[in-house]
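Below: sequence and its predicted model.
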Amino acid sequence: MTQVRINPQAFFPMPVALLGALVDGKVNFMTEAWICRANYEPPLIAVAVNKGHHTSQGILENREFSLCFPAQELLLKTDYCGLVSGKEVDKSQLFDVFYGDLRAAPLITDCQLNFACRLTHQVEYATNNLFIGEIVEVFALSDRMNGTRPDFEAMDLFLLTLPDNTYWGMGPAIGRAWMDGKAFAPVPE
């Protein structure tokens, strides 16, 4: 086999979330997959959002946002939130919403994992804003926990790949990071 050059728009699997914000005082969610952990302490997360998206306005307006990670059972509602704009469609009643300490970061009761974030930085690119937020609070469904840690297999989260625009299940765990490699022994030269 040989490596072949492919379209630079082909991306690795990305976690799917609902990006929430208050826009003109109304709850809005959009489907978001361009997500990356940006720093350990303080815990920062980065999301790339097209400048034309309604949610961008709310993040800039209130300097808070949420990332709500749905299970596969919410796939249809999650995808719908990426098909319609909050400029034309009121998405505020699609989910049962709650709030933590941040009053402009709407969280979804039925999502497995919810991050409430305070905007710390904005980087403007030609088409997108890169919003970097401090994760202020995290909430998880109690029955999807393994002690004090999220049980990701039970959470049944899903991923997105581009440019094929396909959702994928996460599947079972296949190994332990920073552990399994200890069994590797390079062949002496």
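Looks like it arrived, so ask away.

chain center to the one helix or strand Cys81 maps to, what's the gap?
Following DSSP states H and E, the helix or strand that holds Cys81 is helix 75-83. Centroid displacement of helix 75-83 relative to its chain, using Cα atoms, centre = their mean, to the nearest Å, is 14 Å.

Which other helices and strands does the next helix or strand after it contact?
Downstream of helix 75-83, the next assigned helix or strand under DSSP H and E is strand 97-98. In terms of contacts (3 or more Cβ pairs under 8 Å, 6 or more residues apart in numbering; DSSP states H and E), strand 97-98 is packed against strand 107-108. In short, each C-beta sits where N, CA and C put it, glycine included.

Not counting stretch 83-96 itself, show me its contacts.
Applying Cβ atoms under 8 Å, 6 or more residues apart in numbering, the set of residues contacting stretch 83-96 from outside is 18, 23, 26-30, 53-55, 68, 77, 80-81, 108-111.

if we go to 6 Å?
Contacts of stretch 83-96 with the rest of the structure, by Cβ atoms under 6 Å, 6 or more residues apart in numbering, involve Lys26, Val27, Asn28, Phe29, His54, Lys77, Ile108, Thr109.

just to revisit the earlier point, what are the buried residues along the helix holding Cys81?
Buried positions in helix 75-83, judged by neighbour count with 16 or more other Cβ atoms under 10 Å: Lys77, Thr78, Cys81, Gly82.

same check, this time on stretch 144-151
For stretch 144-151, by 16+ other Cβ under 10 Å, it's Arg144, Pro150.

Could you tell me the end-to-end distance of stretch 73-91?
In stretch 73-91, first residue to last residue: 18 Å (Cα to Cα, to the nearest Å).
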